[in-house]
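>>> Quick one: sequence and predicted model below, then my questions.
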Amino acid sequence: MDIGQLVTNAKESANIPIRKLAADAGVAGSTITRIQAGSVDPSVSTLARILNAAGYDIEIVATPHGARKHPRLADLIDAWSYRDSTIRLEWSRWRTFLDRLALHAENLPEAIYTSPPPSGDQIIDNLLAATAEKLADDANLPRPSWTKNVEKLATPYRPATARNLAETNIPQQLAERGLMIDTASLWRPGRTVGV
């Protein structure tokens with residue numbers, strides 16, 4: 001993801017006007033606009049101030065060239081799109097991610113404890129948080145602290161393409177965040193993972 005898109009997603013996820021974001025970050029609104037357009041590369045400290053004003057922390061990670069990449073929730077921040085003014089999840093990417101973690105549980109902490117960048121949509125930010133919370137709860141691990149910073153949805157979300165199962169099949173972690181997505185839409189039964 002490029003820096004301009006990251007700033008745009010943080011602003012949209014926080015649902016904050018550009019003037020307030022700029023004032024809170026101590027930068028000019030035109031600076032944020034130019035960063036979003038890709039016409040200027042901000043310093044790390046400027047980027048950190050902008051993201052902090054939007055409610056996010058910045059993390060910088062260096063990995064060796066060719067290092068094996070383990071799955072992280074950040075891999076899913078773009079696993080969605082808008083069609084006909086409706087958000088559409090890329091279900092196969094979500095299921096594949098969850099299948100990989102089911103097969104390689106040793107990667108779970110790295111996958112859920114590293115805060116994903118903002119996706120640009122509150123529904124997706126909540127789905128990432130709820131997924132991390134469910135995975136942690138299922139593995140008897142502490143919930144990631146970053147999920148507390150994701151504001152729950154004011155209006156429940158039910159995807160048009162989700163399976164229409166009884167509301168009792170919605171994981172508690174998703175329901176608490178207003179996500180009406182049943183378990184079978186994302187998680188496959190353990191005996192079918194990897195088959």
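Received it, and whenever you're ready, just let me know what you need. All values reported here derive from a predicted model rather than from experimental measurement.
>>> Do a quick rundown of the helices in the chain.
For the chain, applying DSSP state H gives helices covering 3-14, 18-25, 29-37, 44-53, 91-103, 108-113, 122-138, 172-176, 183-186.
>>> Can you give the domain ranges for the protein?
Listed domain ranges for the chain are 3-53, 73-192 (source: automatic domain parsing).
>>> roughly how far is the last one from the heart of the chain?
Okay, so that is domain 73-192. Distance, stretch centre to chain centre, for domain 73-192: 8 Å (Cα atoms, centre = their mean, to the nearest Å).
>>> ends of stretch 170-183, how far apart?
Its start and end residues considered, stretch 170-183 measures 6 Å (Cα to Cα, to the nearest Å).
>>> Make sure P171 is actually in contact with K134.
Yes. The criterion here is Cβ atoms under 8 Å, and P171 meets it with K134 at 5.2 Å. Every residue, glycine included, has its C-beta placed from N, CA and C.
>>> how much space is there between the nearest residue to G55 once chain neighbours are set aside and N169?
The shortest distance from G55 to any non-neighbouring residue, by Cβ to Cβ, 6 or more residues apart in numbering, is to A14 (5.1 Å). Separation of A14 from N169 (Cβ to Cβ, to the nearest Å): 32 Å.
>>> Just want to know which of the two has more residues nearby.
Using other Cβ atoms under 10 Å as the criterion, A14 and N169 rank with A14 on top: 20 against 12.
>>> I'd guessed T31 sits against S39; true?
No. Look at T31 against S39 with Cβ under 8 Å: they stay out of range, at 10.4 Å.
>>> And those two? Which one has more around it.
With neighbours defined as other Cβ under 10 Å, T31 and S39 compare such that T31 has more, 15 against 9.
>>> Any stretches of this structure with poor pLDDT?
By pLDDT under 70, the low-scoring segments of the chain are 1, 61-64, 66-68, 161-168, 190-195.
>>> No more questions from me, cheers.
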